[in-house]
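*Asks:* give me the fold of what follows.
(one chain, ligands or ions: 1)
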Amino acid sequence: MKNIKLVYLLLLSFLSVSLYANDGYDLWLNYRTIEDAKLLAQYQKNFTGYYIEGNSATMQAIDTELKKALPLLLDKKIDKVNSINDGSIIISTGKMYIDLGNELQSVGKEGFIIRSVTINKKKCTLITANTDIGAMYGVFHFLKLLQTNTPTDKLSITSVPKLDLRLLNHWDNLNGSIERGYAGKSLWKWDELPGVVDPRYTDYARANASIGINGAVINNVNSNPLIMTEEYLPKVKVLADVFRPYGVKVYLSISFSAPIRLGGLKTADPLDPEVIKWWQAKTAEIYKYIPDFGGYLVKANSEGQPGPQDYGRNHADGANMLAKVLKPHNGVVMWRAFVYNSSPTEDRVLQAYDSFKPLDGDFDDNVLVQIKNGPIDFQPREPFSPLFGAMPNTSLMMEFQVTQEYLGFANHLVFLAPLYEEVLDSDTYSKGKGSTVAKVIEGELTTKKLTGMAGVSNIGNSRNWCGHPFAQSNWYALGRLAWDPEASSADIANDWIRMTFTNTEAFINPVEDIMLNSRETTVNYMTPLGLHHIMGYASHRGPGPWVDRAAQPNWKSTYYHRADKDGVGFDRSTTGSNAVSQYFPPVRDKFNSLETCPENLLLWFHHVPWTYEMKSGNTLWDEMCYHYYDGVKEVRNMQKTWEGMQPYIDSERFEKVKTLMEEQEWEAVFWRNGCVLYFQTFSGMPIPKGLEKPNKPLSYYEETILR
Ligand code: BDP
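*Replies:* The predicted structure is shown next:
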């Protein structure tokens with residue numbers, strides 16, 4: 001009897017654990033029954049079935065999505081119907097059910113309209129668009145409304161993406177590894193393709209479609225040209241076929257020397273007729289496999305990659321050659337502006353601008369210059385790249401990094417939307433006040449109108465896709481900001497929490513706070529006050545301000561922080577490298593003066609004495625210490641808040657986040673102690689009173705490398 005009871009109890013506890021287990025695979029498409037009983041009753045009454053006009057692959061995918069989502073959300077049987085009834089959700093792209101005037105036209109190829117309407121005295125919800133993909137975006141938006149418990153009685157929503165290309169850049173290698181990937185191996189199983197098609201490819205495309213991402217560059221910018229061979233193209237084609245119903249186009253990173261390496265030519269000179277012929281034939285071959293292939297992403301003459309400069313040509317020569325080859329197929333070239341040389345004297349920060357600005361106006365219409373958000377390399381904080389605004393006659397595309405190369409890998413909770421938002425909201429003043437980076441990439445301030453945003457993906461084959469449960473929010477945020485670069489990170493966080501976890505306010509508010517503060521917290525314990533590129537050599541994970549030997553001078557941390565007995569920071573003012581002059585006034589003047597330079601970028605632009613008095617009244621040294629210590633304190637507060645969240649979510653994700661936060665706290669302390677002890681060797685000043693002293697000597701931090 002006792003045994004039976006025990007078995008029963010064990011079974012019960014197993015059941016409850018598995019009921020509440022959530023491995024994160026469903027991402028924000030985590031459809032659960034509406035928790036609020038009143039709202040649930042209302043939804044149940046309002047929605048009785050869905051009616052789909054048409055039968056394309058996209059419409060079938062919509063059907064599959066609704067079949068899955070609606071019964072889960074509404075906790076009732078709800079099906080596709082063959083005629084319009086009271087409570088029908090109508091998905092239509094052809095037939096006009098109500099007079100929308102010119103509005104439908106104005107939403108273009110990818111926008112949508114959602115309306116509460118009455119048709120033949122029947123109350124319905126209409127989701128309509130000009131294309132099936134537009135309708136799919138509308139359906140995902142509609143599901144989001146339910147997932148976030150939004151009232152749906154009087155819906156009147158019109159939404160149009162502000163950017164044309166909304167892309168993920170996968171830095172995936174053909175051997176399955178991912179450059180700067182922290183969530184397992186590549187999703188693409190090249191050894192199985194084209195025969196075996198992992199269902200996960202569909203879920204990947206679905207997730208992208210749900211946030212409006214419409215393209216994926218599937219291979220590393222440090223490209224292996226084999227991707228363009230007959231061996232790989234049939235595999236790439238399969239991915240493109242799976243992604244197509246979800247509106248996700250495939251793009252490839254190409255190697256500029258492919259004509260030599262694959263084609264056996266002696267040169268890859270973009271003006272050489274044989275080279276052009278080779279690219280034409282190769283490109284035509286790709287389009288045979290994939291008729292809607294998106295185009296090429298190119299890293300050229302950067303970090304050892306081949307490029308047009310190898311033949312005395314410039315970036316525009318290279319980009320335009322490929323653009324002309326792609327043009328008849330409607331493809332585009334995304335040409336990266338991430339270039340710098342190994343000069344020990346020329347400030348790296350200047351180089352992208354100096355290389356590209358003179359080429360403004362020289363690029364073909366189907367070329368976008370893809371610019372990293374800041375002038376160096378995805379640091380926890382950088383000023384915006386001065387190229388935004390400086391090339392008014394070029395289509396400029398944003399490149400953000402979603403994978404946390406310099407932000408603690410997948411072990412630190414860092415919500416990146418505030419970083420993205422800070423950049424997008426920055427005013428370039430290129431055409432006077434209000435010339436924000438967002439407006440620049442929306443094409444409002446440029447004569448060329450192709451627009452886009454790319455995010456370097458943080459996705460791998462780990463079960464929850466991104467490693468850290470909260471890293472999913474960065475994929476989500478990228479999609480939302482690519483759709484609308486003026487969206488707010490608070491709104492994005494709020495929606496994501498509701499969709500991914502719960503609509504319980506007691507969970508949402510504290511967790512939203514954690515997310516919104518997390519980036520600043522990380523800046524505090526890694527690179528406060530404008531410090532940058534002081535991470536461990538090559539891995540970029542732990543602290544490495546002491547890195548003073550490297551393959552090239554501008555890979556050393558000491559190159560960037562320039563600490564000495566007098567002070568710390570890189571003088572980029574008019575008396576230093578003069579990087580400030582790449583910005584328009586008044587931004588240039590603000591950055592140039594020690595007094596007006598924002599303190600969170602102070603050491604980016606100035607070499608500042610340790611005893612300099614900050615706005616708080618503290619010396620620079622004390623202020624730096626306080627930032628490092630605050631960073632750790634904030635991680636600890638985050639941990640405390642998270643402890644209180646246990647009742648609201650499944651134990652699996654709760655525990656995973658908790659464990660990762662412990663790791664984050666350990667690493668934050670490591671960062672703080674290592675940096676404070678290191679910089680103290682220059683300042684010679686004591687750590688302010690009341691702050692805990694590092695319990696290990698500097699040598700410990702220098703010798704322990706976090707990988
Ligand atoms: C840096 C990465 C490197 C990339 C490079 C790039 O460390 O792995 O190849 O950027 O963007 O952030 O090309």
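*Asks:* contacting residues for the closest residue to the ligand within the stretch 301-450 of the chain?
*Replies:* In the stretch 301-450 of the chain, the residue found nearest to the ligand is D377; the distance is 4.6 Å by Cβ to the nearest ligand atom. Glycine gets a C-beta too; all of them are placed from N, C-alpha and C. When contacts are counted by Cβ atoms under 8 Å, 6 or more residues apart in numbering, D377 touches F338, Y406, H533.
*Asks:* can you tell me the SS state at the first one?
*Replies:* Under DSSP: H, G, I helix; E, B strand; the rest coil, the three-state class of F338 is coil.
*Asks:* quick one, phi psi at L252?
*Replies:* Reported as degrees, to the nearest 10, the phi and psi values for L252 are phi -130, psi 140.
*Asks:* equivalent analysis for L239, please.
*Replies:* The phi and psi torsions at L239 (degrees, to the nearest 10) take the values phi -60, psi -40.
*Asks:* need the longest helix for this protein.
*Replies:* When the chain is parsed with DSSP state H, its longest helix is helix 651-683.
*Asks:* buried residues in that helix?
*Replies:* By neighbour count with 16 or more other Cβ atoms under 10 Å, helix 651-683 contains the buried residues 652-654, 656-657, 660-661, 664-665, 667-680, 682-683.
*Asks:* could you list which of the residues you listed also contact the ligand?
*Replies:* Residues of the buried residues of helix 651-683 in contact with the ligand (Cβ under 6 Å from any ligand atom): none.
*Asks:* circling back: tabulate the contacts of D377 (JSON lines), appending pLDDT and neighbour count.
*Replies:* Shown next, in JSON lines, are the contacts of D377 (pLDDT from 0 to 100; neighbours: other Cβ atoms under 10 Å):
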{"residue": "F338", "pLDDT": "98", "neighbour count": "21"}
{"residue": "Y406", "pLDDT": "98", "neighbour count": "23"}
{"residue": "H533", "pLDDT": "98", "neighbour count": "23"}
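*Asks:* need these in CSV with distance to the ligand, can you?
*Replies:* As requested, the contacts of D377 are exported to CSV (distance: Cβ to the nearest ligand atom, whole Å):
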residue, distance to the ligand
F338, 5
Y406, 8
H533, 10
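*Asks:* for the residue lying closest to E613 once chain neighbours are set aside, what are phi and psi?
*Replies:* Excluding the flanking residues, the one nearest E613 by Cβ to Cβ, 6 or more residues apart in numbering is T619, at 6.6 Å. Backbone torsions of T619, given as degrees, to the nearest 10, read phi -70, psi 160.
*Asks:* let me see the contact set for T619.
*Replies:* W610, T611, Y612, E613, M685.
*Asks:* which one of those is nearest M321?
*Replies:* Taking Cβ to Cβ as the measure, M321 lies nearest Y612 of the contacts of T619, at 50.8 Å.
*Asks:* hmm, that closest one is touching G569, no?
*Replies:* No: the pair Y612 / G569 is not scored as a contact, 9.8 Å apart, by Cβ atoms under 8 Å.
*Asks:* quick one: which of those two has more around it?
*Replies:* Neighbour count, other Cβ atoms under 10 Å: between Y612 and G569, G569 has more, with 26 against 17.
*Asks:* quick one on the thing from earlier: just give me the closest of the contacts of D377 to A493.
*Replies:* The closest of the contacts of D377, once distances to A493 are taken by Cβ to Cβ, is Y406, at 21.3 Å.
*Asks:* next, count neighbours for G24.
*Replies:* Number of residues near G24 (other Cβ under 10 Å) recorded here: 22.
*Asks:* on the three-state scheme, it is what?
*Replies:* coil.
*Asks:* quick one: list the elements packing against the longest helix of the chain.
*Replies:* Judged by 3 or more Cβ pairs under 8 Å, 6 or more residues apart in numbering; DSSP states H and E, helix 651-683 is in contact with helix 2-20, helix 505-526, strand 567-568, helix 620-643, helix 698-703.
*Asks:* out of these, deepest packed?
*Replies:* Mean neighbour count (mean count of other Cβ atoms under 10 Å) peaks for strand 567-568 among these, with a mean of 23.
*Asks:* now it: how far from the chain's centre is it?
*Replies:* Remark: strand 567-568 is offset 33 Å from the chain centroid, using Cα atoms, centre = their mean, to the nearest Å.
*Asks:* ok, stretch 498-514 next?
*Replies:* 21 Å.
*Asks:* and if you look at stretch 689-699?
*Replies:* 36 Å.
*Asks:* how far does it stretch from one end to the other?
*Replies:* 23 Å (Cα to Cα, to the nearest Å).
*Asks:* buried stuff in that stretch?
*Replies:* Neighbour counts over stretch 689-699 (16+ other Cβ under 10 Å) mark L691, P694, L698 as buried.
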